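S.K.: 3D, please:
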Amino acid sequence: MIQKPEMIAPKNLSELEAQIRHDLEILDYPKRQWVRSRRTSEARDVLDVLVIGGGQSGLAVAFGLMREKITNILVIDENTQGYEGPWRTFARMNTLRTPKHLIGPDTGIPSLTIRSWYEAQNGFDSWESLRFIPKETWASYLEWFRSFLQIPLRSNTRAGALEWLPGENCFAVPINRPIGLDVLYARKIVLSTGIDGSGRWDIPGFIKKNLPKSHYAHTRERIDFEALAGKTVAVIGAGASAFDNASVALESGAKAVHLFFRRPELVRSNPYRWAEFVGFLKHHSDLPDAQRWNFIMQLLEMGQLPPADTHQRANSFSNFEMHANTAWMHTSLRDDKVLIETNTQAYEVDYVLLGTGFVTDLSLRRELAQMHSLIALWKDRYTPPEEQRHEDLARHPYLGSSFEFQEKEPGTAPWLGNIFNFTFGGLPSMGFGGASISGMKYSLPKLVGGITRQLYLEDAQEHFQSLCDYYQPEF
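M.R.: All right, here's what the predicted structure looks like:
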């Protein structure tokens, strides 16, 4: 009988980092730098790739490019270092919702996974006792990932409207930093700006029109929950973030929290768990348009539930009440109270939390202000049957096989293919891509491969000349 060998794991983070260096050295083939450097006519350096957004996806993209010897890159993020992404700001869950065994940022290197990082600090058996990954743990892992791999990140840097410069064959990207304004130049752009990266977080019109900002907040915003102590709070929405924010309000001493949603009952099954298999994650983008639309429509119609622990967290409070099959008809403010008229009855509360998600609309993105009208959307390429019409889904960008934008009208703006949309806006085209940890294992190689392909093909003549000039005698 063959005995299972005893596992030898790093005893601490320093040992793990030594192992990672060794692993990267073993895998470092081919080593040679290959992308030709570029400068503008005014002698400004041109980045090969600029990644806008330094959260989990942006860092993973940068590392994927670095492994392919594309090193003339920069990642920029508008937040303070360590606060990229939602994990230390508006993510108010206790743990990640995705399974703990997910992989992706590591690009297939076992020693670089969060499991290896966690075990090196907490013991080899610690992983087995961990049910879900705490959000703070994930944030710390990403911070270590960036620092250890020396990913070039420039924080507190806000990108403005991209501009294509035909004479320079690159983009000009205005940036705003605390030290002032500047312009970066780049051949390729990766938009890695998160869940709302193809639009913005949605505040319903009946809220913005009828209530002062002092009496409501979107769950995406910074919220003074302590100020809600002793107050009655209304929450719109039945997704996980709505329950998370309801829970924090209750934990902060709210007098009562009422959660409203339009479905007749809560969604109790998570179709996103169904989608976590090789076929969908890797090959959704290979389906014909009609089937891609059908799959995503079905996911949207089935909806997302609050996970069991999220649901229990809120329902553990006796002063929490859910109102199913309830639509808000009108809101107003009277004597500093929010009056809510629904299809069933009226309510009076002190504050409103909006778990209303986001809207997809490229015209709302400052980065695309000069070009959004040129970009192909799903409504430009596919017309679903009447019963499958979906206004928001139709506004999603119709992406190429590597997440690149497509022209709305062929021949009008071929340079759009140099911009890669690695956000949740790629859902109908690519499935779980840019803003999803669960799809990163398969989406990242598609994106990185699309960039390396473009860079090589564009410089093919120079590479051919290099071959012709090559002479390295070996004897």
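
S.K.: so where do the strands sit in the stretch 1-150 of the chain?
M.R.: Remark: strands assigned in the stretch 1-150 of the chain by DSSP state E, counting those that start in this stretch are 38-39, 45-52, 73-76.

S.K.: from the contact counts, what lies against the longest one?
M.R.: In this structure, strand 45-52 packs against strand 38-39, helix 56-67, strand 73-76, strand 170-177, strand 180-191, with contacts taken as 3 or more CB pairs under 8 Å, 6 or more residues apart in numbering; DSSP states H and E. No exception for glycine: its C-beta is placed from N, CA and C like everyone else's.

S.K.: looking at the ones you listed, spot the one closest to residue 90.
M.R.: Closest to residue 90 of the helices and strands packed on strand 45-52 is helix 56-67 (CB to CB; 14.8 Å).

S.K.: run the angle between the closest one and strand 180-191 for me.
M.R.: 80 degrees (axes from the mean of the first three to the mean of the last three CA atoms, to 10 degrees).

S.K.: export helix 56-67 to PDB, keeping only CA atoms.
M.R.: Output of helix 56-67 as PDB, limited to C-alpha atoms (Å, rounded to 0.1, in the frame of the first residue of the first chain):
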ATOM      1  CA  GLN A  56      -8.200  42.600  -7.300                       C
ATOM      2  CA  SER A  57      -8.700  42.500 -11.100                       C
ATOM      3  CA  GLY A  58      -6.200  45.300 -11.900                       C
ATOM      4  CA  LEU A  59      -3.500  43.700  -9.800                       C
ATOM      5  CA  ALA A  60      -4.100  40.300 -11.400                       C
ATOM      6  CA  VAL A  61      -4.000  41.800 -14.900                       C
ATOM      7  CA  ALA A  62      -0.700  43.500 -14.100                       C
ATOM      8  CA  PHE A  63       0.900  40.300 -12.800                       C
ATOM      9  CA  GLY A  64      -0.400  38.300 -15.800                       C
ATOM     10  CA  LEU A  65       1.200  40.900 -18.100                       C
ATOM     11  CA  MET A  66       4.500  40.900 -16.100                       C
ATOM     12  CA  ARG A  67       4.700  37.100 -16.400                       C
END
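
S.K.: give me the residues contacting it.
M.R.: Contacting residues not belonging to helix 56-67 are listed as 27, 49, 51-52, 71, 73, 75, 77, 84-85, 104-105, 107, 138, 142, 145-146, 149, 151-153, 190, 192, 194, 422, 434-435, 437, 440, 444-445, 447-448, 451 [CB atoms under 8 Å, 6 or more residues apart in numbering].

S.K.: mind running it again at 6 Å?
M.R.: 49, 51, 73, 75, 85, 105, 107, 142, 146, 149, 151, 190, 192, 422, 434, 444, 448 (CB atoms under 6 Å, 6 or more residues apart in numbering).

S.K.: quick one: buried residues of stretch 165-176?
M.R.: 168, 170, 171, 172, 173, 175 (16 or more other CB atoms under 10 Å).

S.K.: what's the average pLDDT for the longest helix belonging to the chain?
M.R.: Longest helix in the chain, counting residues (DSSP state H): helix 440-458. Across helix 440-458, the average pLDDT comes to 97.

S.K.: check stretch 115-127 too.
M.R.: Stretch 115-127 shows a mean pLDDT of 94.

S.K.: name the surrounding residues that touch it.
M.R.: For stretch 115-127, the surrounding residues in contact (CB under 6 Å, 6+ apart) are 9, 10, 12, 13, 16, 141.

S.K.: one more pass at 10 Å, please.
M.R.: 7-17, 19-20, 100-103, 106, 109-111, 113-114, 128-130, 133, 137, 140-141, 144-145, 148 (CB atoms under 10 Å, 6 or more residues apart in numbering).

S.K.: buried residues, the worst-scoring helix or strand of the chain on mean pLDDT. List them.
M.R.: When each helix and strand of the chain is scored by mean pLDDT, DSSP states H and E, helix 271-274 comes last, with a mean of 90. Neighbour-count burial for helix 271-274, counted by 16+ other CB under 10 Å, picks out 271, 272.

S.K.: ok, then the element right after it?
M.R.: helix 278-283 (DSSP states H and E).
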